[in-house]
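# Starting from these lines, generate the structure:
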Amino acid sequence: MATAAPTRSVFQSSDLSRSSAEVFAAAADHPVEVTRRDGESLVLMSKGADRSRDALLELAAQLIAVATSTERTLAERMSDRFPWMLALSHDDRALCAEQILSAARASFATGQAHLAIAELTAWKETASALAAGLGRVDVEWLDDDEPVARP
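Just a heads-up that it's a prediction; the model follows:
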């Protein structure tokens, strides 16, 4: 199965001294490959891209641990690895597990770490909000023709 590789520009090591602004601008946008005559090529990337890559690898390690177990449901196994999921309802835990796993698969297939990290973060923030009681407030809806008084 072919996967889409992340965008990567290629520069020669001499470009770092001749046109460093161009190389650094490209590296701020996506990883760049710097080829060298005397050794293996290097990859230059932003610290943010490096952190995203590390976060994706950490998530991959967690999901592999979850996937290799056959006991209990996926949601229950993921709740062991991500205890914040316990703040979600039973049905939402199952949905969360499925959506995180799907987003992770998309991230791994495309090399785009943000897909999985954004999904994981969104669910974690939802669980935090629910744990803080934000989901228990009754909402009072106003009619469209009802004027709203100034505070």
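# Phi first, then psi, for the residue nearest the centre of the chain.
Centroid-nearest residue in the chain, with Cα atoms, centre = their mean: I117, separated by 1.3 Å. Main-chain dihedrals, I117, degrees, to the nearest 10: phi -60, psi -40.
# helix or strand for the closest residue to it other than its chain neighbours, which one?
Excluding the flanking residues, the one nearest I117 by Cβ to Cβ, 6 or more residues apart in numbering is A55, at 5.4 Å. Where C-beta positions appear, they are placed from N, C-alpha and C, glycine not excepted. If you go by DSSP states H and E, A55 is part of helix 47-67.
# re the thing from before, test my guess that the residue nearest to I117 contacts A113.
Yes. Taking contacts as Cβ atoms under 8 Å, A55 lies within contact range of A113: 6.5 Å.
# what about these two, which has more around it?
A113 (22 against 16; other Cβ atoms under 10 Å).
# Check which residues of stretch 24-33 are buried.
Neighbour counts using 16 or more other Cβ atoms under 10 Å place 26-27, 31-32 of stretch 24-33 among the buried residues.
# tell me the two of those residues that are most distant?
A26 and P31 (9.0 Å; Cβ to Cβ).
# Quick one: find the helix or strand in this structure with the lowest mean pLDDT.
helix 15-18 (a mean of 83; mean pLDDT, DSSP states H and E).
# Which other helices and strands does that one contact?
helix 20-29 (3 or more Cβ pairs under 8 Å, 6 or more residues apart in numbering; DSSP states H and E).
# Mind doing that once more with 10 Å?
Secondary structure elements in contact with helix 15-18, counted by 3 or more Cβ pairs under 10 Å, 6 or more residues apart in numbering; DSSP states H and E, are strand 9-12, helix 20-29, strand 32-36.
# Which of those sits closest to M78?
So among these, helix 20-29 is nearest, using Cβ to Cβ, at 33.3 Å.
# what about the chain, any weak spots by pLDDT?
1-8 (pLDDT under 70).
# again, only this time at 80
1-8, 13, 135-142, 144-146, 148-149, 151 (pLDDT under 80).
# how does it divide up, domain by domain?
Following the assignment in automatic domain parsing, the chain carries domains at 9-45, 48-132.
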